[in-house]
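**Student:** next input, structure requested:
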Amino acid sequence: MTYQELPQDHHDLRDEWFLITSEVIAAMKRIIIIGDESSLMMSIFETLDRHGFSLLYAHKGQQGLDLLAREQVDLVIVDFNLPDMDGIEFLRRLRRNHPSQRCVMLTPPGVPEAVIGALREHFCDILPKPFSPDDLRDVVASTLIKCPIAGVAVVSAKPDWIELLVPCDLSAVAPLQKALAELESDIPQETREAIDLTFRELLNNAIEHGGKHDPRKYVEVSFTKLKRAIVYLIKDPGEGFDPLRLPHAAQGAAEDDPLGHFAERDAQGLRAGGFGILLAKNLVDEVIYNEHGNKLMFIKYF
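**Tutor:** Next comes the predicted model:
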């Protein structure tokens, strides 16, 4: 389990997890911070320095690239807004000599090209501005452990229509959901939260049941933003299922035993949950499955 997957209400557990993990990884991890906003960069530097990371700093994108040509680092944190190039151009140049370098991008609100570019250039996570020290340490800790979203393939990408192939790894879900949520910035907060929670749960289901947690397999994801609706398509690589017959899900639980699916999930070694389909039907306006049950569409109107 990663830090992002710990329940939000388990604050003590989350803090203890980070402190233990950061003590282990900070002793041997180097991070380069690249950005122009002095106060923001200072805040990032102080937060990570306090946890014992070895840090490098570059004011401009080219300075960062020059440093990376000489120095080996474990993580790059780069601002989208640089004095000499944007963050996407920086990543594009970085990939020429460092194709597997782990990167986190600081993204401004309301700039969809930042998110789309980060997806194309195989980022590990984004930090939408403004963010807190807790947000920073969350992303750094998770990214230094694993970067599954770097395996996402962009089939097509426009701000209002994105098609992706997502590896069947649950730890790819949170950073992807965060990135796509930035494309919904002009939608009311309550509507965004309903869309994001539904997407996260249904993608989890597709990875878990259709993809069997096999990162060599992919879930097809399509995001479409219309004038009055958000539409998601999710197709998993499995054989499908009958959404009315799911003993491991709340959707298929007996009326006299609404929590009976917990025992079934435990017996199958599944993560805690099983409320994805039930949540979707209550949070969004339409949920439709294809004949085989391995492809679904959900729509939220606004």
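**Student:** can we go C-alpha only for contacts and neighbour counts from here?
**Tutor:** Noted.
**Student:** which stretches of the stretch 151-300 of the chain form helices?
**Tutor:** Secondary structure of the stretch 151-300 of the chain by DSSP state H, counting those that start in this stretch: the helices cover 173-181, 189-205, 261-268, 276-283.
**Student:** hey, C-alpha coordinates of the longest one in PDB?
**Tutor:** Extracted as PDB, the C-alpha positions of helix 189-205 are listed here (Å, rounded to 0.1, in the frame of the first residue of the first chain):
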ATOM      1  CA  GLN A 189     -16.600  21.600  -6.900                       C
ATOM      2  CA  GLU A 190     -19.400  19.200  -5.800                       C
ATOM      3  CA  THR A 191     -19.800  18.000  -9.400                       C
ATOM      4  CA  ARG A 192     -16.000  17.500  -9.700                       C
ATOM      5  CA  GLU A 193     -15.800  15.400  -6.500                       C
ATOM      6  CA  ALA A 194     -18.600  13.100  -7.700                       C
ATOM      7  CA  ILE A 195     -16.900  12.600 -11.100                       C
ATOM      8  CA  ASP A 196     -13.500  12.000  -9.600                       C
ATOM      9  CA  LEU A 197     -14.700   9.500  -7.000                       C
ATOM     10  CA  THR A 198     -16.700   7.600  -9.500                       C
ATOM     11  CA  PHE A 199     -13.800   7.500 -12.000                       C
ATOM     12  CA  ARG A 200     -11.400   6.400  -9.300                       C
ATOM     13  CA  GLU A 201     -13.600   3.600  -8.000                       C
ATOM     14  CA  LEU A 202     -14.500   2.200 -11.500                       C
ATOM     15  CA  LEU A 203     -10.900   2.300 -12.700                       C
ATOM     16  CA  ASN A 204      -9.900   0.500  -9.600                       C
ATOM     17  CA  ASN A 205     -12.500  -2.200 -10.400                       C
END
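**Student:** what inclination does that helix have with respect to helix 276-283?
**Tutor:** 160 degrees (axes from the mean of the first three to the mean of the last three Cα atoms, to 10 degrees).
**Student:** which residues does stretch 228-245 contact?
**Tutor:** Residues from elsewhere that reach stretch 228-245 (Cα atoms under 8 Å, 6 or more residues apart in numbering): 195, 199, 202-203, 206-207, 209-211, 217-225, 251-252, 292-302.
**Student:** how does it look with 6 Å?
**Tutor:** 206, 210-211, 219-224, 252, 292-302 (Cα atoms under 6 Å, 6 or more residues apart in numbering).
**Student:** same deal with stretch 204-215?
**Tutor:** Against stretch 204-215 from outside (Cα under 6 Å, 6+ apart): 167-169, 236-238.
**Student:** again, only using 8 Å
**Tutor:** 167-170, 173, 217-219, 234-240, 276, 294.
**Student:** ok, stretch 66-84 next?
**Tutor:** With Cα under 8 Å, 6+ apart as the criterion, stretch 66-84 contacts 29-36, 58-62, 86-88, 101-108, 114, 144.
**Student:** go again using 7 Å as the cut-off
**Tutor:** Residues from elsewhere that reach stretch 66-84, judged by Cα atoms under 7 Å, 6 or more residues apart in numbering: 29-36, 60-61, 86-88, 101-107, 114.
**Student:** sitting in helices, which of those residues do you find?
**Tutor:** 61, 87-88, 114 (DSSP state H).
**Student:** can you lay out those residues as TSV showing distance to residue 51, neighbour count and pLDDT?
**Tutor:** As requested, the ones in helices among the contacts of stretch 66-84 are exported to TSV (distance: Cα to Cα, whole Å; neighbours: other Cα atoms under 10 Å; pLDDT from 0 to 100):
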residue	distance to residue 51	neighbour count	pLDDT
61	25	27	97
87	26	23	95
88	28	24	96
114	29	23	95
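**Student:** which ones are touching the spatially most central residue of the chain?
**Tutor:** Against the mean C-alpha coordinate of the chain, by Cα atoms, centre = their mean, the closest residue is residue 175 at 1.1 Å. By Cα under 7 Å, 6+ apart, the contact set of residue 175 is residue 125.
**Student:** look up how far residue 188 lies from it.
**Tutor:** 21 Å (Cα to Cα, to the nearest Å).
**Student:** mind listing the strands for the protein?
**Tutor:** Counting by DSSP state E, one finds strands in the chain at the ranges 30-34, 54-58, 75-79, 103-107, 125-128, 153-158, 161-167, 218-225, 229-235, 286-289, 295-301.
**Student:** turn these into a markdown table, columns for mean pLDDT and mean neighbour count.
**Tutor:** Shown next, in a markdown table, are those (pLDDT from 0 to 100; neighbours: other Cα atoms under 10 Å):
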| stretch | mean pLDDT | mean neighbour count |
| --- | --- | --- |
| strand 30-34 | 97 | 23 |
| strand 54-58 | 96 | 17 |
| strand 75-79 | 97 | 24 |
| strand 103-107 | 97 | 24 |
| strand 125-128 | 96 | 23 |
| strand 153-158 | 96 | 15 |
| strand 161-167 | 97 | 20 |
| strand 218-225 | 98 | 20 |
| strand 229-235 | 98 | 20 |
| strand 286-289 | 93 | 16 |
| strand 295-301 | 96 | 19 |
